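> Here you go, sequence then predicted model.
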2 protein chains.
Amino acid sequence: MADYDVVIVGGSAAGITCGITARRHYKDKSILLIRGEEQVLIPCGIPYIFGTVGAPEKNLIGDGVLKKHNIELSIDEVSDIDRENKVLKLVRGDDVSYDKLVLATGSQPVQLPLPGSDMDGTFSIKKSVPYLERMLAKMADISHLVIIGGGFIGVEFADECKKCWDLDVTVIEMLPYPLQTAFDDEFCSEAHTLLESRGINVLTGAKVEALQGGNAHVEAVKLDDGRELKADAVIQSVGMKANSTLAEKCGLDTGPTGAVQVDRAMRTVDRDIFACGDCAEKVSFFTGEPSPLRLASIASTEARVVGANLFGITRAYPGAIGVYSTIIGDTAFATAGLTEDTAAEAGYCAVAGRSASVNRHPGMMPGGAEMSLKLIFEKQTRTIVGGQIMGAKSGGELINTVSACIQQSMTADQIATFQTGTHPALTASPVAYQLVNAAEDAIGKMGPC
Amino acid sequence: MADYDVVIVGGSAAGITCGITARRHYKDKSILLIRGEEQVLIPCGIPYIFGTVGAPEKNLIGDGVLKKHNIELSIDEVSDIDRENKVLKLVRGDDVSYDKLVLATGSQPVQLPLPGSDMDGTFSIKKSVPYLERMLAKMADISHLVIIGGGFIGVEFADECKKCWDLDVTVIEMLPYPLQTAFDDEFCSEAHTLLESRGINVLTGAKVEALQGGNAHVEAVKLDDGRELKADAVIQSVGMKANSTLAEKCGLDTGPTGAVQVDRAMRTVDRDIFACGDCAEKVSFFTGEPSPLRLASIASTEARVVGANLFGITRAYPGAIGVYSTIIGDTAFATAGLTEDTAAEAGYCAVAGRSASVNRHPGMMPGGAEMSLKLIFEKQTRTIVGGQIMGAKSGGELINTVSACIQQSMTADQIATFQTGTHPALTASPVAYQLVNAAEDAIGKMGPC
């Protein structure tokens, strides 16, 4: 039986980042990573396989990064964890013993219990190269694509498929707007308009009742208001659920969302077993309540906590802020923390500040694009709890400055005197810089401190 | 005599931002802005007039922003300040009284005491539309341009002039590399190589002894090692000095760099007179020692402190971090805080962490460019004191996340578990995200905490 100091189960963003971090912090420990897949997909890149990137093989994380950090790799599956003896049973290979075990087993797509959802032509978004290859091949054969779910992934699939295939594409969303869980109405409605301007049908406030077809092949999507939409293929994109079977089987606790329960050090109830990424239960940075967020960026952050903590706790994870971005055409959308709506739902007295400006100065400098920023503050403490950006692609980095402000619980007054760097060819002018001006705008509404 | 609650002297970045901020915080106060220039240039855009932007008239800050914020404008010059009666004497107009006065009188180019520097064809970088028009017209007539000073402005002038005119361009820098005061050697040397690859001659470790010519027109630059460089025009770009004459004349203190002395609230010794921007004395955020930094972004931050503080102190300026960026060709260079060299000079035990990655994932996504980040930490406290970026243009925003980390005195361990947002079309992958990985790299060198 092979003995390892550290065994990581799962080889996507969480597993890889945990391995790298463990190696950085523990140079002499032996590390084994076990995963089921021959090839590992870049999870956030999956929608882009269907357009810009073109093939699953072009969207892979190579194993070079494991070799470089002296992490052994086993392509296998763990069938059982013997916690008492600290031994893993594998499906194909010999048993493996561990000193510290990390569960990074990821998640799988939520499947709506729709009649007809087992028909040919129906897909969900699985992190599997062969599955995505079949799905991609299908696109060449069809003319009507329906996507159920108007969150980030659904919207990205719609935009990429419309851009690169001669397809009629429809997105169906239950809520009033696409991207509604991440943005306030004024941003979602822009996303809605933008999608439609790119030829995508967006049905909001709409609920699917059943998938219909003949000869076991999907042909239509039936809504609960009776409408029927022609569909040669249907993609369900309605969220992810944790892969926690292995953890449950060996008696580890799961939490309110069904994921593996962990403390702030990312330990399970077994002090030698950690969990991170989509399989781990999360709480909100703001409320401490269970969080449904499943993002590769969160997985990587959690993995950095686990990797450092394996043989002595030095890091704590304060809960998920939720920082993410997407793009529709050339317009970036990015969000961090609470929206005005979710802040109000969580009981905050929220005040928003806004600022918009071209991300160049003068605005005619090459690459100039409007970038609009909204910041959300808690009125009493004047502390930032969220931010949303729409426009220029550099918003993908600006949202991380907003995230820094949130993590450090900065007040509107601190952000208003934030020391920024600006340049004609790279950012808005110092006078018009969005971050400080949105804070000033909010201060105007809150009154002086 | 017209009476105003607030009078601001100076109409560039500091004056305008101060006016806007004062209006935001004091809705009912009367505000007058007095400036000498008919038209106000975007200061950081000046080098781009000579290439990408094409004319001073395309690089202006319009007066609409003043009107919008109900700020009166007077094009005039202040000849004297009667502090006892709180009255300003103007060169052309009637006296004006103030309750609170803000000096935002800016700076002027340092002129080296070089023999021959009064000849025709010699320029410095003045914030004057007519002067820059004359300078621009000159470019069409010449074949050899010599720029004295390889700082940001000198490098930007060189790159723009070379790009858009058929010129032999030479930059002369005393230090071993261009941009040396803002970057460590490995970044400066890349800038040096890049400038040369773009056809610009860069002479480093070189000192100008005299300008030579005939018929009162410059023809050559003579170095102290005897070399002579052909020059039809010479631009001096060796720093700025504060316009503090008016302040000195009315008995206000000036500081070690000759600028108007202010406290952390940006007040002069006269509690009714504030100063901000290039005319105000600055200290370093890190050492508290006098800082030579003169940046529009610093001016705007200081102006936001003044604007809020006019009728009651609510904001403090903790000293200049120094966050700035530039671009050579398509490669952005950005810096915040101390370099490894300046940290060592200031007595810090500095440890650097590095990370480089493409700003897309997978890297073949459109717009992908390598972006390299270096972070500097103080070893004992593990606190960040600086950062440098080279590569993709989104570095212009990423440097502001670094600035947030510096302002909040974040430790390497906090930055390593920073909650970032990432996206295939906008940033590096969460596994490879430069900010967290540079912090981890530094932790590897400092040891666990």
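Arrived safely, thanks for sending.
> rest of the way, CA atoms for contacts and neighbours
Fine.
> is stretch A:20-35 anywhere near chain B?
Yes: residues of stretch A:20-35 contacting chain B under CA under 8 Å from any CA of the partner chain: A:Thr21, A:Arg24, A:His25.
> out of those, which are inside strands?
Within these, no residue falls in strands by DSSP state E.
> out of these, which is most surrounded?
Highest neighbour count within the residues of stretch A:20-35 next to chain B: A:Thr21, with 24 neighbours (other CA atoms under 10 Å in any protein chain shown).
> Now do the same contact list for that one.
Applying CA atoms under 8 Å, 6 or more residues apart in numbering or on different chains, we find A:Thr21 in contact with A:Ala303, A:Arg304, A:Gly307, A:Ala308, B:Glu440.
> Model confidence for the residue of the stretch 51-200 of chain A found nearest chain B, exactly?
Going by CA to the nearest CA, chain B is nearest to A:Asn59 of the stretch 51-200 of chain A, at 5.9 Å. Listed pLDDT for A:Asn59 reads 97.
> and if you look at A:Ile298?
The model's pLDDT for A:Ile298 equals 97.
> My guess is it contacts A:Glu281. True?
No: A:Ile298 sits out of contact with A:Glu281 when judged by CA atoms under 8 Å, with a separation of 11.5 Å.
> What segments of the stretch 51-200 of chain A are helices?
For the stretch 51-200 of chain A, helices defined by DSSP state H, counting those that start in this stretch occupy the ranges A:64-68, A:129-139, A:152-164, A:185-197.
> List the contacts of the most centrally placed residue in chain A.
Taking CA atoms, centre = their mean, the centroid of chain A lies closest to A:Leu295, which sits 2.6 Å from it. If you count contacts by CA under 8 Å, 6+ apart, A:Leu295 has them with A:Gly277, A:Asp278, A:Gly322, A:Tyr324.
> Tell me how far the second one lies from A:Tyr324.
Okay, so that is A:Asp278. Note on A:Asp278: its distance to A:Tyr324, by CA to CA, to the nearest Å, is 15 Å.
> who has more neighbours, the two?
A:Asp278 (29 against 25).
> did I read that right, the more buried one in a helix?
Yes: looking at A:Asp278 with DSSP: H, G, I helix; E, B strand; the rest coil, it is inside a helix.
> and the closest residue to it other than its chain neighbours, how many neighbours?
Distance criterion CA to CA, 6 or more residues apart in numbering or on different chains; nearest residue to A:Asp278, sequence neighbours excluded, is A:Gly106 at 4.6 Å. The number of residues packed near A:Gly106 is 28, by other CA under 10 Å.
> hang on, isn't A:Gly106 packed against A:Glu281?
No: if you go by CA under 8 Å, A:Gly106 and A:Glu281 don't touch, sitting 11.2 Å apart.
> quick revisit: need the contact list for the residue nearest to A:Asp278.
Neighbours of A:Gly106 in contact, by CA under 8 Å, 6+ apart: A:Gly10, A:Ser12, A:Ala242, A:Asn243, A:Gly277, A:Asp278, A:Cys279.
> The helix or strand encompassing A:Ala14 - what's its average pLDDT?
Using DSSP states H and E, A:Ala14 sits within helix A:13-25. If you average the pLDDT over helix A:13-25, you get 98.
> Tell me the first helix or strand C-terminal of that helix.
Note on helix A:13-25: by DSSP H and E, the next helix or strand toward the C-terminus is strand A:31-35.
> dump the residue contacts of A:Ala343.
Counting by CA under 8 Å, 6+ apart, the residues that A:Ala343 touches are A:Cys349, A:Ala350, A:Val385.
> likewise A:Ala299?
A:Ala13, A:Ala14, A:Cys276, A:Gly277, A:Asp278.
> A:His361 is in contact with A:Pro424, correct?
Yes: contact criterion CA under 8 Å: A:Pro424 and A:His361 qualify, at 4.5 Å.
> Between these two, which contacts overlap?
B:Gly45.
> my read: A:Arg92 touches A:Glu77, true?
Yes: the criterion here is CA under 8 Å, and A:Arg92 meets it with A:Glu77 at 7.3 Å.
> This completes my enquiry, with thanks.
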